[in-house]
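Q: Compute the structure for the input listed below.
(one chain, ligands or ions: 2)
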Amino acid sequence: MKIKCYECGREHRDAAYRCECGGLLEISHDFVGLDPERLKRTFHERLSERMTPYASGVWRYKELIHPELPEREIVTKYEGNTGLYPAEPIRRSLGIRQLWLKAQSENPSGSFKDNGMTVALSHGRSIGYRRFSCTSTGNTSASLAMYAALAECESVVLVPNEKVSANKVVQTLAYGARMIRFDGTYDDGIRFFEQHGGGLDLYICNSLNPFRIEGQKSIVYELAQSMNWKLPDWIVIPGGALSNVTALGKGLQDLLQLGLIERMPKVALVQAEGASPFHKMMAAAGETLIPERSPATVASAMNIGNPPSWRKARDFLRESGGVTCTVTDEEIIEAKRLIDGCGIGCEPASASTVASLRKLIAEGTIDKDETVACILTGNLLKDTDILSMYEQGDESSFDFASLIGL
Ligand SMILES: Cc1ncc(COP(=O)(O)O)c(C=O)c1O
Ligand SMILES: N[C@@H](CCOP(=O)(O)O)C(=O)O
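A: Ligands and ions are numbered 1, 2, ... in the order given. You can find the predicted model right below:
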């Protein structure tokens, strides 16, 4: 396993924040000698592990994520192991062949961040760090604070004063994080770390950290394993900082290279219209991302104007024939109602995936005869402010009998 700069290829001894050239770092594995049938057997056998690191839906795939980390260094809450659900009412209304929802919202801190955080924190601690940090719209901070507390370490997090969900703030504080609130967005927090992070003796756990990306690859490994190594035609995923799609792409490339899957599915990356710098670049076939200074969306987890991982995401989507699209806040809320109403539930950012389907089908990008999996990234209870936007019943004419059809 090597740590290399994604831009200039220079090798690094450790997961520094960025390369001297400004590029993000990336983990490169030597998978030579790994036999796909043997790997499948091992991953299958580990499904019956209990209370060992391999009971985790991330560390089950340790060989493909961080093979060198000694088991005793692993900080785990048995993350991953999330449900894959057919959402029949939504599938029927869209008229497509098959629709699956992969509920990363069922992770211990309630979001997909746990898949990456268990790896970043375990790695950071194994190389001697005891203080962990991030900037966050609330999910990264909650996940970091949870794992830091588990490991008896400190967490210091930067969270914007506005446009973040109160529930995520409270959750992060409850796990014992020291929280610094500031005027600005996630992007300003990243800029702060870029300017000052190096001198602070903090291990930064934002998704610039390549070990986060390695852990998040497990989402697609687990999806593939639960579908008997036959992925659907499309995987639809939301995009803010773009760690999700970057990890999805890297994981898919691993699976293909290792012979664990036979073909690459197509990926659709969805952004909220008010925070869509990446979609704008891709739609214009541009080479460089133009940051949005004041992103604004009801899906606060995606309220990001300058996504750090845009180059990795761009290259993956272009090489694999993926697409990007946007959805409005109204479409997000409508889709969230449908997902909640199916009994699965999610936070607004996750609902952008289902919201995009109608559009992608109408424009002919997704064929009705194709199969689709949407990744639901965060739990319904992560953002309850938005529930007040659902239409309320008229309480003055409340009639219980007629309500239940008597
Ligand atoms: C619940 C949720 N969904 C989607 C996203 C967007 O993912 P990414 O920032 O990796 O693009 C985030 C934030 O990262 C999130 O917290
Ligand atoms: N939604 C995220 C923002 C992106 O953070 P990162 O972990 O990819 O750096 C959050 O919860 O903070």
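Q: Going by C-alpha atoms from here, please, whenever you check contacts or count neighbours.
A: Will do.
Q: for the stretch 151-300 of the chain, what spans make up the helices?
A: In the stretch 151-300 of the chain, the segments counted as helices under DSSP state H, counting those that start in this stretch are 166-174, 186-196, 210-216, 218-226, 243-257, 277-283.
Q: Make CSV from the ones you listed and add mean pLDDT, mean neighbour count and distance to ligand 2 to it.
A: Formatted as CSV, the helices of the stretch 151-300 of the chain follow (pLDDT from 0 to 100; neighbours: other CA atoms under 10 Å; distance: least, CA to the nearest ligand atom, whole Å):
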stretch, mean pLDDT, mean neighbour count, distance to ligand 2
helix 166-174, 98, 18, 9
helix 186-196, 93, 17, 7
helix 210-216, 98, 28, 8
helix 218-226, 98, 22, 15
helix 243-257, 98, 23, 5
helix 277-283, 98, 21, 14
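Q: what's the closest of the ones you listed to Leu24?
A: Distance to Leu24, taken as CA to CA, is lowest for helix 210-216 among these, at 8.0 Å.
Q: ok so, going back, could I get the helices of the stretch 151-300 of the chain as CSV with distance to Glu334?
A: As requested, those are exported to CSV (distance: least, CA to CA, whole Å):
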stretch, distance to Glu334
helix 166-174, 21
helix 186-196, 26
helix 210-216, 28
helix 218-226, 26
helix 243-257, 23
helix 277-283, 21
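Q: So for Asn379, which of these sits nearest?
A: Closest among the helices of the stretch 151-300 of the chain, using CA to CA: helix 166-174, at 10.6 Å.
Q: ok, the closest residue to Ala301 other than its chain neighbours - contacts?
A: Excluding the flanking residues, the one nearest Ala301 by CA to CA, 6 or more residues apart in numbering is Thr137, at 5.6 Å. Applying CA atoms under 8 Å, 6 or more residues apart in numbering, we find Thr137 in contact with 159-160, 164-165, 186, 300-301, 303.
Q: To Leu99, which of the helices of the stretch 151-300 of the chain lies closest?
A: helix 218-226 (13.1 Å).
Q: C-alpha coordinates for the closest one, PDB please?
A: Only the C-alpha atoms of helix 218-226 are listed here, as PDB (Å, rounded to 0.1, in the frame of the first residue of the first chain):
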ATOM      1  CA  SER A 218     -16.800  -0.400   1.500                       C
ATOM      2  CA  ILE A 219     -20.300   0.900   0.600                       C
ATOM      3  CA  VAL A 220     -20.100  -0.400  -2.900                       C
ATOM      4  CA  TYR A 221     -18.300  -3.500  -1.800                       C
ATOM      5  CA  GLU A 222     -21.200  -4.300   0.500                       C
ATOM      6  CA  LEU A 223     -23.700  -3.400  -2.100                       C
ATOM      7  CA  ALA A 224     -22.000  -5.800  -4.600                       C
ATOM      8  CA  GLN A 225     -21.700  -8.600  -2.000                       C
ATOM      9  CA  SER A 226     -25.400  -8.400  -1.000                       C
END
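Q: contacting residues around it?
A: 57-58, 61, 80-81, 84, 102, 104, 115, 230-231, 248, 251-252, 255, 261.
Q: on that earlier part again, Three-state assignment for the residue nearest to Ala301, please.
A: Three-state assignment for Thr137 (DSSP: H, G, I helix; E, B strand; the rest coil): coil.
Q: Which phi and psi values does it adopt?
A: Phi and psi for Thr137, reported as degrees, to the nearest 10, are phi -90, psi 0.
Q: now do Val119
A: phi -80, psi -50.
Q: is it true that it touches Asn209?
A: No. If you go by CA atoms under 8 Å, Val119 and Asn209 don't touch, sitting 10.2 Å apart.
Q: So for those two, which sits in the more crowded spot?
A: Val119 (29 against 23; other CA atoms under 10 Å).
Q: For that one, which non-adjacent residue is closest in space?
A: Per CA to CA, 6+ apart, closest to Val119 is Gly215, 5.5 Å.
Q: quick one, what contacts that neighbour?
A: Counting by CA under 8 Å, 6+ apart, Gly215 has contacts 58, 65, 115-120.
Q: at 6 Å what do you get?
A: Gly215 sits next to 115-116, 119 when contact means CA atoms under 6 Å, 6 or more residues apart in numbering.
Q: what's the answer for Glu292, then?
A: Gly305.
Q: From ligand 1, how far off is it?
A: 15 Å (CA to the nearest ligand atom, to the nearest Å).
Q: And that residue, its phi and psi?
A: According to degrees, to the nearest 10, Glu292 has phi -100, psi 130.
Q: Contact residues of the chain facing ligand 1?
A: Proximity of the chain to ligand 1 is confined to 111, 139, 238-244, 301-302, 349-350, 377-378 under the rule CA under 6 Å from any ligand atom.
Q: per-residue confidence for Val298?
A: Looking at Val298, its pLDDT stands at 96.
Q: Please determine how far it is located from Gly321.
A: As judged by CA to CA, to the nearest Å, Val298 and Gly321 stand 29 Å apart.
Q: So for the two, which sits in the more crowded spot?
A: Shown here are Val298 and Gly321; by other CA under 10 Å, Val298 has more neighbours (20 against 12).
Q: Please find the angle between the direction vectors of the helix or strand harbouring Phe132 and helix 186-196.
A: Following DSSP states H and E, the helix or strand that holds Phe132 is strand 131-135. Orientation check (axes from the mean of the first three to the mean of the last three CA atoms, to 10 degrees): strand 131-135 against helix 186-196 gives 130 degrees.
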